[in-house]
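Asker: Requesting a structural model of the entry that follows:
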Amino acid sequence: MGWGARGVLVILFLLSIWSVSIMFERKKAFREKTGSAKIQDAKKFITEKNWAALKAWADANPSYLAGMVQAALTAEASLSKSNESVDRAVQSYLSSQRIELEKGLNVLATLGSNAPFIGLFGTVLGIIQSFGILSSQQGSAMNAVMLGLAEALIATAVGLFVAIPAVVSYNFFSQKLRNLTIEAQSLRDFYISQK
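Answerer: Next up is the predicted model:
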């Protein structure tokens with residue numbers, strides 16, 4: 001394998017390590033934000049207008065939904081006590097949490113879309129090298145060319161190996177974030193409607 005294809009493989013290997021580390025870190029972050037908080041419990045306290053129990057529930061659950069409830073309760077305790085202030089406080093909380101949960105997802109998306117092209121670049125370099133061998137040797141060069149072409153295709157396979165898990169992880173975490181946000185907005189709307 002030529003130096004170009006080897007260089008591409010090293011780059012892809014480093015990108016795969018980066019990708020996997022982001023996946024594990026995002027899994028941990030989403031697990032912490034999901035927690036054990038159940039939206040049904042919060043809705044039950046809101047329906048009963050049991051604000052003390054709702055606050056206790058929010059304090060006991062360090063999660064995305066509980067944080068949203070804490071933001072709403074804090075806004076409710078302010079001087080204005082309007083639905084608009086509650087809505088702004090919750091939107092501010094959700095925006096800051098979204099930024100936190102989206103960290104690294106753009107890297108996964110970029111790796112997923114570009115790793116195959118990096119692998120293809122390694123393949124092209126390997127093919128160029130194989131044709132260089134073919135032009136410089138006569139007779140038994142066919143075996144060297146075939147070996148070079150086979151090695152060159154490894155770069156494309158590795159590029160796909162890096163890209164596919166990155167795309168799957170990006171889609172998984174993006175959907176999880178959308179679901180969390182929709183659930184929190186639903187709880188916010190329910191809270192405001194019950195006040």
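
Asker: Please count neighbours and contacts with C-alpha atoms only from this point.
Answerer: OK.

Asker: Now name the helix or strand holding G159.
Answerer: G159 belongs to helix 141-194 when assigned by DSSP states H and E.

Asker: can you pull out the helices in this protein?
Answerer: 3-34, 39-47, 51-60, 64-76, 83-101, 105-136, 141-194 (DSSP state H).

Asker: Can you report how many residues lie near A89?
Answerer: Other residues near A89 come to 21 when the count uses other Cα atoms under 10 Å.

Asker: my bad, L65
Answerer: 27.

Asker: and what of E84?
Answerer: Neighbours of E84 under the rule other Cα under 10 Å: 13.

Asker: That one and S193, how far apart?
Answerer: Separation of E84 from S193 (Cα to Cα, to the nearest Å) stands at 12 Å.

Asker: before we move on, back to that, pLDDT on the helix holding G159, on average?
Answerer: On average, the pLDDT along helix 141-194 is 85.

Asker: With stretch 116-133 instead?
Answerer: 82.

Asker: what's the answer for stretch 41-56, then?
Answerer: 86.

Asker: and that stretch, which residues are buried?
Answerer: 42-43, 45-46, 53-55 (16 or more other Cα atoms under 10 Å).

Asker: And the furthest pair within these?
Answerer: Farthest apart among the buried residues of stretch 41-56 by Cα to Cα are K43 and K55. That separation is 12.2 Å.

Asker: can you give me how far stretch 84-101 is from the chain middle?
Answerer: Here stretch 84-101 is found 20 Å from its chain centre; the criterion is Cα atoms, centre = their mean, to the nearest Å.

Asker: Quick check: the closest residue in space to S85 that isn't next to it in sequence vs E84, distance?
Answerer: Of all residues not flanking S85 in the chain, A75 sits nearest, at 6.1 Å (Cα to Cα, 6 or more residues apart in numbering). When distance is defined by Cα to Cα, A75 is 9 Å away from E84.

Asker: With that, I have no additional questions.
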